[in-house]
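**Student:** 3D, please:
(2 chains)
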Amino acid sequence: MKITQISVFLENRKGRLYGVCSLLGKNRINIRALTIAETQDFGILRMVVDNPEETLKILKKSGFVVHLTDIVAVEVEDKPGGLAGILKILFDNNLNVEYVYGFLEKFSDNALLVMRFEEPDRAIEILKKKKIRVVGKEEITDL
Amino acid sequence: METYYWNKELETIDQASLEDLQLKLLRDTVQAALKTPFYRNRLKKAGINSGDDIRSLQDLQRIPFTTKDDLREGYPTGLLAVDLAEVVRIHTSSGTTGTPTVIYHTKEDLDNWTELVCRCIVATGATREDVFQNTMSYGLFTGGLGLHYGAERLGMTVIPVGSGNTRRQIQLMKDFKTTVIHATPSYMLHIYSKLNEFKIPLNELFLKKAYLGAEPYSENTRRKIEEFFHIDVYNSYGLSEMNGPGVSFECIHKCGMHTWEDSYLLEIIDPKTTRTLSEEHEGEIVLTNLRRRATPLLRYRTRDLAFIHKGKCKCRRTHHRLSRITGRTDDMLIVNGVNVYPSQIEEVVMRIPQVGTNYQICLEKDGTLDKIIVKVEIYSKLFTGDIRQLDALKAKINEELRAAIIISPIVELHEPGSLPVSEGKAKRVVDSRIKL
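**Tutor:** Sure, this is the predicted structure:
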């Protein structure tokens, strides 16, 4: 149920983000979720795409520094306290969220979030036990 | 203007007597140097087996040059000429790579060094009434301790602040009515730029003189600093291999730096052919210790470029006057007075596995001070997508560079292939500083 996230190292230079996005566009790869972690002189672009293996190949071929990370896509009720409810479950089970960001579109009435855990398998197990929907790879591809 | 001397007899010695003295001291120095494995081997090859083999000053030409690489290869004791028990101080300086160079001093060596510094200070007209603030680094760097002991022996009131902390520097200047300051030219300009910020107007300071060295600067910058502070600026030259400051210094006439020729044999050579050059011809400064016994160096190639002024100085000192340092024969960088070799940086950067094969060193001005930026390409296979890992990598590179080059650089991480591919060393270093 884990999903593959692609991380791209971006140095602080004009046009680097454009470089990645235009490359993906040309290859008809769709970005489903995206966030940028930035520091003073570099950033890390994190994204979920519809075809991670192909994306990895394309970016590497163009010389980008890329890494694949397992993340978990979690459905969150789109209402006040929706996210808090899930975070409580995680907190009660002593699960630390390293970072979280949202998908660009919804594919049900619920919002879809990317969550990164140190122990993704245990996280999935606990969330499922609490009837929280965790979205799988195929669903992302068909989004 | 009245001229004062610390050691009038030696400072105004006539040429014939000077040469007699130099020959005697050179023989003693060669004899001392022969006690080291390095020189025993090297001088033997040149047919010199004792000090007596030096029959005239012309015989200096038979002695092979000594280079910084020789010092590095001789590290730590290859050039030590006395029993370690005789040594009272050690100064090391960074080599061109990880191996440093070391200079040992006996008590007499330090006494002689201090004597020369006293001559320098007195030559500028300073006296024991002056308050001397030393903003050069203390410790292994010779700039701080060298001037310190001379100023103390002369009886000046010494404030041994060391480098940095400009606010405190200015406060001390004001509170203790500092009249003489020892600094790098860029730091002097930095102090000036901070006076407003710290709300201490110039008329609350008592500064009269500045001794500026450790960095190249121009006649224009001297004039600028003199006008800013309403003071006299004197140029200072020295290098750790030749003790440190006190080798050459300007007198009140500010027309070149008197080089103490009863302690150093001064030659200017063509760095390519190694032929000796005459006065007013620019070349590499070559110095021979005449009085140092713990680490006597013969014909040491300083890699500094300058020329010798023609004619006599109005101060009646007979010692030749060296021009400003006009450049280097190697790629050494001077960053806020600290000597840095690109090869030292390369060595550190290349031993860190997360760093790729390319790097670049950029030098920029931050106000009047220098800053050094080391740009490295990260090695893609070790990228984990984790920002903390990259921050830790930057901190590690910074820490290791600081250990190697003493100063703390700004480290930037770049994508592989983004830095210009180097064709020789030149491209690795981008120096966009405006010359002082």
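**Student:** how about A:Lys129, what does it touch?
**Tutor:** Neighbour list for A:Lys129: empty [criterion: CB atoms under 8 Å, 6 or more residues apart in numbering or on different chains]. No exception for glycine: its C-beta is placed from N, CA and C like everyone else's.
**Student:** what's the neighbour count on B:Cys255?
**Tutor:** 15 (other CB atoms under 10 Å in any protein chain shown).
**Student:** residues making contact with the least confident helix or strand in chain A by mean pLDDT?
**Tutor:** Taking mean pLDDT, DSSP states H and E as the measure, the helix or strand of chain A with the lowest value is helix A:137-141, at a mean of 78. If you take CB under 8 Å, 6+ apart as the criterion, helix A:137-141 is touched by A:1-4, A:32, A:48, A:50-51, A:73, A:107.
**Student:** give me that answer again for 7 Å
**Tutor:** With contacts defined as CB atoms under 7 Å, 6 or more residues apart in numbering or on different chains, helix A:137-141 is touched by A:3, A:32, A:48, A:50-51, A:73.
**Student:** Now that we have those, can you turn them into CSV and tack on secondary structure?
**Tutor:** Below are these laid out as CSV (DSSP: H, G, I helix; E, B strand; the rest coil):
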residue, secondary structure
A:Ile3, strand
A:Arg32, strand
A:Val48, strand
A:Asp50, coil
A:Asn51, coil
A:Ala73, strand
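**Student:** Farthest-apart pair in the residues you listed, please.
**Tutor:** Spanning the widest gap among these are A:Asn51 and A:Ala73, at 15.5 Å by CB to CB.
**Student:** and the two? which has more neighbours close in?
**Tutor:** Higher neighbour count among A:Asn51 and A:Ala73: A:Ala73, with 23 against 17, using other CB under 10 Å.
**Student:** so the more buried one sits right up against A:Ile3, yeah?
**Tutor:** Yes: with contacts defined as CB atoms under 7 Å, A:Ala73 counts as touching A:Ile3 at a distance of 5.0 Å.
**Student:** Number of residues surrounding A:Leu17?
**Tutor:** Applying other CB under 10 Å, we find 15 residues neighbouring A:Leu17.
**Student:** In three-state terms, label the residue of the stretch 151-300 of chain B found nearest chain A for me.
**Tutor:** Among the residues of the stretch 151-300 of chain B, B:Gly164 lies closest to chain A, at 23.1 Å counting by CB to the nearest CB. When classified by three-state DSSP, B:Gly164 comes out as coil.
**Student:** got a pLDDT number for it?
**Tutor:** Looking at B:Gly164, its pLDDT reads 91.
**Student:** So which residues of chain B form helices?
**Tutor:** Secondary structure of chain B (DSSP state H): helices at B:8-11, B:15-33, B:37-45, B:68-73, B:107-123, B:142-154, B:166-175, B:185-194, B:219-229, B:342-350, B:387-405.
**Student:** nearest to B:Gly311, of those?
**Tutor:** Closest among the helices of chain B, using CB to CB: helix B:15-33, at 13.3 Å.
**Student:** Could you check stretch B:295-313 and say which residues are buried?
**Tutor:** The neighbour-count check on stretch B:295-313 (16 or more other CB atoms under 10 Å in any protein chain shown) flags B:295-309, B:313 as buried.
**Student:** In those, find the pair that's most separated.
**Tutor:** B:Thr295 and B:Cys313 (30.4 Å).
**Student:** Can you tell me, leaving aside adjacent residues, what's nearest to the closest residue to chain B within chain A?
**Tutor:** For chain A and chain B, the shortest gap (CB to the nearest CB) falls at A:Ser7, measuring 3.0 Å. Spatial nearest neighbour of A:Ser7, chain neighbours left out: B:Gly385 (3.0 Å); criterion: CB to CB, 6 or more residues apart in numbering or on different chains.
**Student:** Contact partners for that neighbour?
**Tutor:** With CB under 7 Å, 6+ apart, B:Gly385 has these contacts: A:7, A:44, A:67, A:69.
**Student:** Same check on B:Tyr211?
**Tutor:** Residues counted as contacts of B:Tyr211 (CB under 7 Å, 6+ apart) are B:147, B:182, B:234, B:236.
**Student:** Break the chain into its domains for me.
**Tutor:** This is for chain A. A:3-70, A:71-141 (automatic domain parsing).
**Student:** Actually, chain B is the one I wanted.
**Tutor:** B:8-330, B:335-431.
**Student:** Point out the most buried one among the ones you listed.
**Tutor:** Per residue and on average, the most neighbours among the domains of chain B fall to domain B:8-330, with a mean of 19 (mean count of other CB atoms under 10 Å in any protein chain shown).
**Student:** Might you calculate how far that one sits from the centre of the chain?
**Tutor:** Distance, stretch centre to chain centre, for domain B:8-330: 7 Å (CA atoms, centre = their mean, to the nearest Å).
**Student:** Distance check, the closest residue to chain A within chain B against B:Asp52.
**Tutor:** Going by CB to the nearest CB, chain A is nearest to B:Gly385 of chain B, at 3.0 Å. According to CB to CB, to the nearest Å, B:Gly385 stands 72 Å off from B:Asp52.
**Student:** What of B:Gly283?
**Tutor:** 31 Å.
**Student:** OK, contacts around the residue lying closest to B:Gly150 once chain neighbours are set aside?
**Tutor:** With sequence-adjacent residues excluded and distances taken as CB to CB, 6+ apart, B:Gly150 is closest to B:Val117, at 2.5 Å. Contacts for B:Val117 were tallied using CB under 7 Å, 6+ apart; they are B:146-147, B:149-150, B:245-246.
**Student:** Check what pLDDT the residue of chain B most remote from its centre gets.
**Tutor:** Relative to the centre of chain B, the most outlying C-alpha is that of B:Gly385, 44.2 Å out, by CA atoms, centre = their mean. On pLDDT, B:Gly385 comes in at 88.
**Student:** The one 3 residues further on now?
**Tutor:** Note for B:Arg388: predicted pLDDT of 89.
**Student:** Over to B:Lys381?
**Tutor:** On the pLDDT scale, B:Lys381 is placed at 82.
**Student:** Relative to A:Lys130, how far out is it?
**Tutor:** Noted for B:Lys381: a distance of 38 Å to A:Lys130, by CB to CB.
**Student:** excluding its backbone neighbours, what's nearest B:Gln222?
**Tutor:** For the record, residue B:222 is Arg, not Gln. B:Val233 (4.8 Å).
**Student:** Go ahead and confirm that neighbour touches B:Glu226.
**Tutor:** Yes: with contact defined as CB under 7 Å, B:Val233 reaches B:Glu226; the gap is 5.2 Å.
**Student:** Let me see the contact set for the residue nearest to B:Glu204 when sequence neighbours are not counted.
**Tutor:** The shortest distance from B:Glu204 to any non-neighbouring residue, by CB to CB, 6+ apart, is to B:Lys174 (5.3 Å). B:Lys174 is in contact with B:200, B:204-205, counting by CB under 7 Å, 6+ apart.
**Student:** Looking at stretch A:60-74 now, give me its mean pLDDT.
**Tutor:** Average pLDDT, stretch A:60-74: 93.
**Student:** Sheet partners, orientation included, of the longest strand seen in chain B?
**Tutor:** Scanning chain B for the longest strand, with DSSP state E as the assignment, gives strand B:355-366. The strands beside strand B:355-366 in its sheet (DSSP bridges) come out as strand B:369-378 (antiparallel), strand B:429-431 (parallel).
**Student:** Counting neighbours, which bits of stretch A:45-64 end up buried?
**Tutor:** Applying a neighbour-count criterion of 16+ other CB under 10 Å, one finds A:45-52, A:55-56, A:58-59, A:64 buried in stretch A:45-64.
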